[in-house]
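Peer 1: generate a structure from the sequence data that follows.
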Amino acid sequence: MEKSTFHVAIIMDGNGRWATARGLPRVAGHRAGADAVRRTVEAACKLEIGTLTLYAFSSDNWGRPAAETGALMQLFEAYLSSEAARCLENGVRLEVTGRRDRLSPALLAAIAIAEATTAHCEGMRLRIAVDYSGRDEILRAARLALADFSPERFLSPESILSGESLSGSLGPDVDLLIRTGGEHRLSDFLLWQSAYAELVFTPVMWPDFTARDLEAALAEFRSRDRRFGGIQSYSGGSPPGLVFHRL
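Peer 2: This next block holds a predicted model:
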């Protein structure tokens with residue numbers, strides 16, 4: 001079977017509000033959110049999604065109380081340590097995207113182990129965005145591209161800073177972007193990659209998100225008419241060359 005290239009991205013929002021509504025500390029919502037991550041990854045594998053990118057922690061989230069950010073980082077570390085074996089068992093390649101210079105040595109070690117353990121896996125690609133900013137990612141990609149400039153190679157900055165060169169370092173385009181928690185904004189997430197993404201916003205808080213909610217978002221995606229700026233529409237919402245196995 002041909003490997004799916006369908007890319008789903010999720011802004012996992014609502015953990016804190018979920019906990020507050022239940023009279024629990026916010027960190028309890030983040031722990032419940034980790035269970036939702038596990039459910040969603042398992043469902044995405046069964047639905048043969050090619051790439052799943054989860055927005056776990058934005059660069060702006062460092063502005064939250066230190067106790068909360070510290071608990072989140074510990075939770076990320078524990079998740080990576082416990083889930084690497086599960087990903088390996090299911091053929092999932094786990095990657096972490098975002099800045100790493102502000103992460104603790106312990107978390108960096110957990111990331112390195114998880115990525116190395118699953119590097120050879122050929123199933124779904126699971127990308128977790130930690131200390132991530134879409135604007136910062138684009139700037140860093142541009143700086144890397146300009147670093148390749150060499151007069152001896154007769155390459156101009158204009159030729160290097162092309163959409164093709166930047167896309168190569170920014171990762172795959174997003175087909176479907178889901179945001180939970182009832183908010184309706186991108187919050188600096190995958191700005192370049194989501195240029196033609198279909199957006200689905202759901203009031204479901206992330207800790208309550210289930211496989212059924214993912215299936216509903218995919219059904220909504222399939223009902224959309226995607227033309228990518230042209231006239232011709234693409235069957236099932238899929239542009240040419242996109243492999244998507246229907247439910």
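
Peer 1: which ones are touching the residue most central in space within the chain?
Peer 2: Centroid-nearest residue in the chain, with CA atoms, centre = their mean: Thr53, separated by 1.9 Å. Neighbouring residues of Thr53 by CB atoms under 8 Å, 6 or more residues apart in numbering: 7-10, 97, 127-129, 171, 174, 190. In short, each C-beta sits where N, CA and C put it, glycine included.

Peer 1: these in helices, which ones?
Peer 2: With helices taken from DSSP state H, there is no overlap with these.

Peer 1: can you give me the strands in the chain?
Peer 2: Remark: strands assigned in the chain by DSSP state E are 7-11, 51-58, 93-97, 125-132, 176-179, 198-201.

Peer 1: show residues contacting the last one.
Peer 2: To tie it back to what came earlier, the one meant is strand 198-201. By CB under 8 Å, 6+ apart, the list of residues contacting strand 198-201 reads 175-179, 182-184, 217, 220-221, 224, 226, 237.

Peer 1: recalculate using a threshold of 6 Å.
Peer 2: 176-179, 184, 217, 220-221, 224 (CB atoms under 6 Å, 6 or more residues apart in numbering).

Peer 1: remind me which residues of the protein are low pLDDT?
Peer 2: The chain contains residues with pLDDT under 70 at 1-2, 148-165, 167-168, 228-247.

Peer 1: now Trp213, nearest residue through space, not along the chain?
Peer 2: Slight slip there: residue 213 is Asp, not Trp. Val204 (5.5 Å; CB to CB, 6 or more residues apart in numbering).

Peer 1: now Gly123
Peer 2: Leaving aside its sequence neighbours, Gly123 sits nearest to Gly91 (CB to CB, 6+ apart; 3.1 Å).
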